[in-house]
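Novice: what's the 3D shape of this:
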Amino acid sequence: MDVTFEYILAVVVIFLMLGTTIYTTTSLSLNQLSLVSQQQLTPVAQQLMDKFLLTGGSPSNWGYNATINGTSLLDFGLASSLPNAITYDVDPTKLTRLVNDSSTIINPLYIDPTVTGNLSGLYQSGRWNYGFKLYVVPSLNITVPPTYSVCTLPKNGKGASCTPKTNGNGKGNSGNGDQEYYDNFTVVVRTSDGLPAVGASVTGQFYGFLVDKSGGKGGTFTWAVVNASGTTNWNGTTVINFNQPPITVGGNGNLQTVFVLLVQATYYGLTSNAVYQLPAADTSFNALLVGQYLICNMTKSINGGANGATHVDYQATVVEVTDNFNVVLNPATNATSQNLFNTGGKTYQVYALSNPVSQNVIIAGIIVTWTGNTFFMMTEQPLLPVSVNYYSNAFAQNLLTAKLINSVTVERYVHVGRETYTAYLTLWKMST
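Specialist: Got it, this is the predicted structure:
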């Protein structure tokens, strides 16, 4: 080969080697910088999670104290303020103050994320240094598929017959005096990562509220409960049978029943709940328990029916159920006209409970009537199935969902009363 061509070939090879070396070195440096950034973000997220979950904020009872708002809150923390609280015990009233779903109900005690960001050093001088998302859900995912039995109990109280139905419509009392109720509930329990919870212990509490409408507005109600239990199979499924209604009405047409199913599952030390009302009220017919107040959205139309007034009767008594299945009746008074809650239309009502609400209360509700029908307007403490979905800003939340930003997520198990929840905190660095 000619010496000139050999020289040219050697030069080309050298340039190729140099180019490859420069590209490889640059790529390696960028990857290392990204890795270092991720490593720096992780301890920040861990420290922030511990700040949220292990400190109670200031004042320590800010979740329950309705006079504390974003201006008067001095420090942010979700830990329980009870004297016997242990590590990672979380106050449910503080979690509720992070809920603000304007499509269903207005939460006048909502703590804006900018307040949390300012108190935590994430938000300074009108801008976010770090974006965050706090997401809290039960550690066990419990579902009751809407296929169960609607049973008919003759007015003589003997010989109930049950028929499988989807989205059953038990009425509590049929026209001929026979009572309709629900039974044979299928319960599915899965872990937070979607795996079947094999061998989970499942307990069902079936509450019946008997409403006596013979006295008109201001009537009375009583309640009763029946129990059933089961153990999940290889697919995380079990069927619980109650075999009888929690309360019977006989042939009295002035009596109506409202049913509430509370399911509790325990699996390797994790305990979670699920709550269902039967028949179900419309999803826009709801309530929110914030501290010592029950905030109600009394929509005028339920289940697509005709418009009609919604009334709170029976001395406005709030029914509370604790995590050990005790029922507490708590008198309440209308507090809607107070300056703190004077918002919304006629469907927005706020009731001040006479007695403090225990952190062990898992559901609370109030008996209401609408066009002659009785409903139990209830809520959970904290909310189910998603207790908290609290984030710095909607724009960053959309980027996070689309996985367009670099972030880290840390998780912790927390306790609310006897129940176990999983808290996820996602953190990302905002661009400078």
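
Novice: All the helices of the stretch 301-432 of the chain, in order from the start?
Specialist: Taking DSSP state H, counting those that start in this stretch, the helices of the stretch 301-432 of the chain run over residues 394-401.

Novice: Helices along the stretch 151-300 of the chain, start to end?
Specialist: According to DSSP H, counting those that start in this stretch, the stretch 151-300 of the chain contains no helices.

Novice: Near the closest residue to residue 327 other than its chain neighbours, how many other residues are there?
Specialist: Nearest non-adjacent residue to residue 327, counting by Cβ to Cβ, 6 or more residues apart in numbering: residue 321, 5.7 Å away. To be clear about C-beta, it is placed using only N, CA and C from the backbone, and glycine gets the same treatment. Using other Cβ atoms under 10 Å, residue 321 has 26 other residues around it.

Novice: List the contacts of residue 321.
Specialist: Applying Cβ atoms under 8 Å, 6 or more residues apart in numbering, we find residue 321 in contact with 205, 207, 260, 262, 327-328, 361-364.

Novice: Could you list the single helix or strand in the protein with the lowest mean pLDDT?
Specialist: strand 310-312 (a mean of 55; mean pLDDT, DSSP states H and E).

Novice: just to revisit the earlier point, quick check: the residue nearest to residue 327 vs residue 78, distance?
Specialist: 23 Å (Cβ to Cβ, to the nearest Å).

Novice: so who does residue 386 touch?
Specialist: Residues in contact with residue 386, defined by Cβ under 8 Å, 6+ apart, are 135-137.

Novice: Between these, identify the one with the most neighbours.
Specialist: Result: residue 136 is most packed of the contacts of residue 386 (other Cβ under 10 Å), 24 neighbours.

Novice: Am I right that residue 105 is in contact with residue 289?
Specialist: No. Using Cβ atoms under 8 Å, residue 105 makes no contact with residue 289, being 11.0 Å away.

Novice: and for these two, which residues touch both?
Specialist: Common contacts of residue 105 and residue 289 (Cβ under 8 Å, 6+ apart): residue 295.

Novice: Neighbour count: those two, which is higher?
Specialist: Taking other Cβ under 10 Å, residue 105 and residue 289 do not tie; residue 289 has more neighbours (25 against 19).

Novice: For the more buried one, give its distance to residue 408.
Specialist: Where residue 408 is concerned, residue 289 sits at a distance of 33 Å (Cβ to Cβ).

Novice: same check, this time on residue 352
Specialist: Using Cβ to Cβ, residue 352 is found at 42 Å from residue 408.

Novice: Touching, residue 93 and residue 288? I think so.
Specialist: No. Contact between residue 93 and residue 288 fails when scored by Cβ under 8 Å: they sit 11.2 Å apart.

Novice: got the contact list for stretch 111-124?
Specialist: Under Cβ under 8 Å, 6+ apart, the answer for stretch 111-124 is 48, 51-52, 69-70, 73-76, 97-98, 128-132, 390-393.

Novice: how about a cut-off of 6 Å?
Specialist: Here stretch 111-124 makes contact (Cβ atoms under 6 Å, 6 or more residues apart in numbering) with 70, 75-76, 97, 129-130, 392.

Novice: farthest pair in the residues you listed?
Specialist: When Cβ to Cβ is used, the two most widely separated members of these are 97 and 129, lying 23.6 Å apart.

Novice: Of those two, which one has the most company?
Specialist: Counted by other Cβ under 10 Å, residue 97 and residue 129 do not tie: residue 97 has more neighbours, with 25 against 13.

Novice: mind listing what the more buried one touches?
Specialist: With Cβ under 6 Å, 6+ apart, residue 97 has these contacts: 63, 109, 111.

Novice: how far away is the last one from residue 211?
Specialist: When distance is defined by Cβ to Cβ, residue 111 is 37 Å away from residue 211.

Novice: Check whether residue 378 really touches residue 368, as I assumed.
Specialist: No. Using Cβ atoms under 6 Å as the test, residue 378 is too far from residue 368 to be in contact (10.3 Å).

Novice: what helix or strand is residue 114 on?
Specialist: Residue 114 belongs to helix 113-120 when assigned by DSSP states H and E.

Novice: Let's see which of the contacts of residue 321 end up in strands.
Specialist: 205, 207, 260, 262, 327-328, 361-364 (DSSP state E).

Novice: Take the residues you listed and write them to TSV, including neighbour count.
Specialist: Formatted as TSV, the ones in strands among the contacts of residue 321 follow (neighbours: other Cβ atoms under 10 Å):
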residue	neighbour count
205	21
207	23
260	22
262	20
327	14
328	15
361	21
362	25
363	22
364	23
